[in-house]
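K.L.:
Let me see the structure of the following:
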Amino acid sequence: MKVHFIAVGGSAMHNLAIALARKGYQVTGSDDEIFEPSRGRLAKNNLLPAEEGWNPDHIHEELDAIILGMHAREDNPELKRAQDLGLKIYSYPEFVYEQTKDKIRIVVGGSHGKTTITSMLLHVMDKLGKPTDYLVGALLEGFDCMVQLSDAPYIVIEGDEYLSSPIDRRPKFHWYAPHIAMISGIAWDHINVFPTFDNYIDQFAIFTDKIEQEGHLIYFEGDESIQEVVSKMRIDIQRHPYHTPSYEIKNGKTFLQTERGAVRLSIFGEHNLQNLNGARLMLNQIGVSDADFYSAITDFKGASKRMEKVAETGISLAYKDFAHSPSKLKATVKALKEQYPDRKLIACMELHTFSSLQKSFLPQYAGCMKEADEALVYFSPDVVAHKRLEPLSKEIVEDAFATDNVSVFTNSNEIVNRLKEKDWDQQNLLLMTSGNFHGLDLNQLAKDLLEG
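P.N.:
Here you go, the predicted model:
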């Protein structure tokens, strides 16, 4: 099968390209800009386009399928040529569904925790020898590709609610028709696409309506918006609510309280424990016992950039996290403070996404950093201008966070200098962003600060 990717450099797109090449497909691709790690990984698999840019000559009648990424525009010249030739054009979630029609589809949806839960599922299934395909949003330890398509009986999918392609405005997770589904939480996001919270909640209602007949929904029962969705769900769908399990923290280690006794974990935080409980219930539906689940999950350390430890001394720790939305931010700060209550917590976060830089959305962040002893918030006026948003001031951002511990910066070097002035004895550092604080190497920064 001959497949061409338009916008092959995307995070999910380049992984799908690699997966199909490994499956034996003839894969080509194009993009007008490809950054690391996509560039290096495409090159390693002999899939890097010879030159950047769009070229209609790449599109011909011998192609069996075009896979269109969100980075492309509706007027893309390669897309127009494909449409003129009448070629079959897929978004990547549509193509993944076509490839997995005969599998048991396990799909994790929700505004937060998706990557971690998906990673938990794969970690346990791998340790228990259950072959599965997957589509996940972060590179996992022990995996060299975020997508696998084989003859495995299952597929575990991270169900992103963002749009499928420039010409398919449906959320990606509407495509997957799960047999076993999860909603981990609903907190308004992607406001450039979903202009109201009600509209955003509607997408999850549609997601549940796509569940296969007699399928399963696992959901966090402490979320009122999820309860609203569940109350309107088809009666044939089997409901499995979960909650925060009992746990205890001893000397910086978390122990899960189970019927079989205490289980020491390598992860921590109330939100992570909720994720774990949901993953357990999902795997129960394919025959994994609680005993086997707990045995396999003990050494799970988390997904990349999700509460990832990046530096440690005997007197301090540094973590980085992808947290950027209000709900993720609040949960991450609370988790680290709870785990080390006797240490001061210095939490730094970057407002980087379209939603987070919207003046109308900023009040959602009220109180999100209150658990930190000191909170440093950074945004780049250049990024605000690039996204064509209303200009922000430090005062507007500070007022939105609404706690006295927050200081706002528009120059990342000023944050670095503030951190360098600190004595890190019995103090922990938390770096949170979906970006990189205007080009900082966060791992190296953390090591330099803590190791002095």
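K.L.:
residue boundaries of the helices in the stretch 351-452 of the chain?
P.N.:
For the stretch 351-452 of the chain, applying DSSP state H, counting those that start in this stretch gives helices covering 381-386, 394-401, 412-420, 442-451.
K.L.:
Turn the ones you listed into TSV, including mean pLDDT, distance to P171 and mean neighbour count.
P.N.:
In this view, the C-beta of every residue, glycine as well, is placed from N, C-alpha and C. What follows is the helices of the stretch 351-452 of the chain, written out as TSV (pLDDT from 0 to 100; distance: least, C-beta to C-beta, whole Å; neighbours: other C-beta atoms under 10 Å):
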stretch	mean pLDDT	distance to P171	mean neighbour count
helix 381-386	90	25	13
helix 394-401	95	27	16
helix 412-420	94	33	15
helix 442-451	93	30	17
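K.L.:
So for N45, which of those helices sits nearest?
P.N.:
Closest approach to N45 among these (C-beta to C-beta): helix 442-451, 25.3 Å.
K.L.:
tell me, what residue is most central in this structure?
P.N.:
Compute the mean C-alpha point of the chain, and by C-alpha atoms, centre = their mean the closest residue is T115, 4.6 Å away.
K.L.:
Just the C-alpha atoms of stretch 217-224, please, in CSV.
P.N.:
The C-alpha coordinates for stretch 217-224 follow below in CSV (Å, rounded to 0.1, in the frame of the first residue of the first chain):
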residue,chain,number,x,y,z
LEU,A,217,-17.3,3.5,30.2
ILE,A,218,-14.8,4.0,33.1
TYR,A,219,-15.1,7.5,34.6
PHE,A,220,-14.1,9.6,37.6
GLU,A,221,-17.1,9.9,39.7
GLY,A,222,-16.0,13.1,41.5
ASP,A,223,-16.4,15.3,38.3
GLU,A,224,-19.8,16.9,38.0
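K.L.:
quick one: contacts of that stretch?
P.N.:
110, 180-186, 208, 211, 226-227, 230, 233, 237-244, 274, 278, 281-282, 285 (C-beta atoms under 8 Å, 6 or more residues apart in numbering).
K.L.:
picking that back up, I'd like the helices of the stretch 351-452 of the chain laid out as JSON lines, including distance to F5.
P.N.:
Compiled in JSON lines, these are given as follows (distance: least, C-beta to C-beta, whole Å):
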{"stretch": "helix 381-386", "distance to F5": "26"}
{"stretch": "helix 394-401", "distance to F5": "38"}
{"stretch": "helix 412-420", "distance to F5": "34"}
{"stretch": "helix 442-451", "distance to F5": "30"}
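K.L.:
among these, which is nearest Y25?
P.N.:
Checked against C-beta to C-beta, the stretch from the helices of the stretch 351-452 of the chain lying closest is helix 442-451, at 35.3 Å.
K.L.:
Please state the offset of that closest one from the chain centre?
P.N.:
24 Å (C-alpha atoms, centre = their mean, to the nearest Å).
K.L.:
closest one to G261 among the helices of the stretch 351-452 of the chain?
P.N.:
helix 442-451 (35.0 Å).
K.L.:
now for that closest one, which elements pack on it?
P.N.:
Using 3 or more C-beta pairs under 8 Å, 6 or more residues apart in numbering; DSSP states H and E as the contact test, the elements touching helix 442-451 are strand 308-312, strand 317-321, helix 412-420, strand 427-432.
K.L.:
Show residues contacting it.
P.N.:
Contacts of helix 442-451 (C-beta under 8 Å, 6+ apart): 310-313, 316-318, 320, 416, 419-420, 422, 424, 429, 431, 433, 436.
K.L.:
Same question for stretch 89-99.
P.N.:
12-13, 16, 65-69, 79, 82-83, 135, 147, 149, 157, 164-165, 167-168, 172-173, 175-177.
K.L.:
Residue ranges in the stretch 201-350 of the chain under the pLDDT threshold?
P.N.:
Within the stretch 201-350 of the chain, not a single segment meets pLDDT under 70.
K.L.:
mind listing the helices for it?
P.N.:
Using DSSP H, counting those that start in this stretch, helices in the stretch 201-350 of the chain cover 224-231, 270-284, 290-297, 326-339.
K.L.:
so how many other residues sit close to the closest residue to K334 other than its chain neighbours?
P.N.:
Excluding its sequence neighbours, the residue lying closest to K334 (C-beta to C-beta, 6 or more residues apart in numbering) is E371, at 4.8 Å. Counted with other C-beta atoms under 10 Å, residues neighbouring E371 total 20.
K.L.:
Please name the residues that touch E371.
P.N.:
K330, V333, K334, K337, L345.
K.L.:
go on, G278?
P.N.:
G113, I117, M182, S184, I218, Y219, F220, Y242.
K.L.:
how does it look with 10 Å?
P.N.:
Going by C-beta atoms under 10 Å, 6 or more residues apart in numbering, G278 touches 108, 110, 113, 117, 120-121, 182-185, 218-220, 240-243.
K.L.:
for L63, same thing?
P.N.:
M1, K2, V3, H4, Q26, T28, A82, L85, L87, K88.
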